[in-house]
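1. Could you look at this predicted model? Sequence included:
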Amino acid sequence: ALVLALPGGAGAPTVVEASELAERPATGPPPRPGRSDRLAVGAFGLPFPDWADKFGWRPAGLRRDEIDGRDAVTVFYEKEGQRIGYTVVSGDRIDPPEGAASAAREGTRLRYLDNRGRLIVTWERDGLTCILSGRGVEPDVLLDLAGWRAQGNLPF
């Protein structure tokens with residue numbers, strides 16, 4: 001028998017489906033600050049960034065989900081009444097949606113699109129799919145957050 005494994009293949013959620021986790025309510029408390037511009041929580045070996053000092057986005061909650069057989073961890077951030085969600089999905093990389101625009105920040109290749117009024121940014125870190133999304137947030141804001149490396153303090 002021959003098994004063909006494609007990135008983001010059969011059974012994998014789409015980036016848009018995974019981004020919808022950020023629309024759900026938090027099920028856990030806000031993660032505490034960690035060290036070196038990180039929160040004291042991670043997902044599958046990746047730390048979540050602490051954007052409070054640099055950008056004013058404060059952690060506001062956490063949730064853990066399973067989507068199409070994969071684990072996903074979402075950290076919510078809030079600033080001035082707006083909320084965004086940063087989701088990391090386990091398993092192989094999920095392909096970005098067709099037609100997504102490209103950008104780069106601090107050496108990170110990003111793909112982004114608007115899906116019914118919700119901006120979605122996706123990129124790969126250590127082979128994992130990362131997704132940042134929010135409503136009413138300017139694209140440059142999410143792109144800058146997604147690419148931020150804390151002057152080398154973050155391990156990617």
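-> Right, received. Where do you want to start? Source: prediction; values computed, not measured. Numbering: from 1, shown residues only.
2. all contacts plus neighbour counts: C-alpha atoms, from now on.
-> Noted.
3. Tell me where this protein has helices.
-> Secondary structure of the chain (DSSP state H): helices at 15-19, 52-55, 139-147.
4. contacts for the first one?
-> With contact meaning CA atoms under 8 Å, 6 or more residues apart in numbering, helix 15-19 is reached by 67, 87, 89, 94-97, 115, 120, 122, 131-133.
5. Give me the mean pLDDT for that helix.
-> For helix 15-19, mean pLDDT is 97.
6. gap between it and the chain center?
-> Relative to the centre of its chain, helix 15-19 is centred 10 Å away, using CA atoms, centre = their mean, to the nearest Å.
7. buried set for it?
-> Residues of helix 15-19 classed as buried by neighbour count (16 or more other CA atoms under 10 Å): 15, 16, 18, 19.
8. any idea which of the residues you listed is closest to residue 79?
-> residue 19 (19.1 Å; CA to CA).
9. Apart from its chain neighbours, what residue comes closest to the most centrally placed residue in the chain?
-> The centroid of the chain falls nearest to residue 131 when counting by CA atoms, centre = their mean (2.9 Å). Closest residue to residue 131 apart from its sequence neighbours, by CA to CA, 6 or more residues apart in numbering: residue 122 at 4.5 Å.
10. again with residue 37
-> residue 50 (5.0 Å).
11. show me the residues around the one you found that make contact.
-> 33, 34, 37, 38, 39, 58, 59.
12. Apply 10 Å and report the result again.
-> Shown in contact with residue 50 (CA atoms under 10 Å, 6 or more residues apart in numbering): 31-40, 56-59, 77, 150, 154.
13. ditto for residue 139
-> Counted by CA under 10 Å, 6+ apart, residue 139 has contacts 112, 113, 114, 119, 120, 121, 133.
14. Buried only: go through those for me.
-> 112, 113, 114, 119, 120, 121, 133.
15. Now do the contacts for the first one.
-> Meaning residue 112. By CA under 10 Å, 6+ apart, the neighbours of residue 112 are 96-97, 99-103, 119-123, 131-133, 139, 142-143.
16. let's see it at 6 Å
-> Residues in contact with residue 112 (CA atoms under 6 Å, 6 or more residues apart in numbering) are 100, 101, 120, 121.
17. same question, the second one
-> For residue 113, the contacting residues are 100, 119, 120, taking CA under 6 Å, 6+ apart as the criterion.
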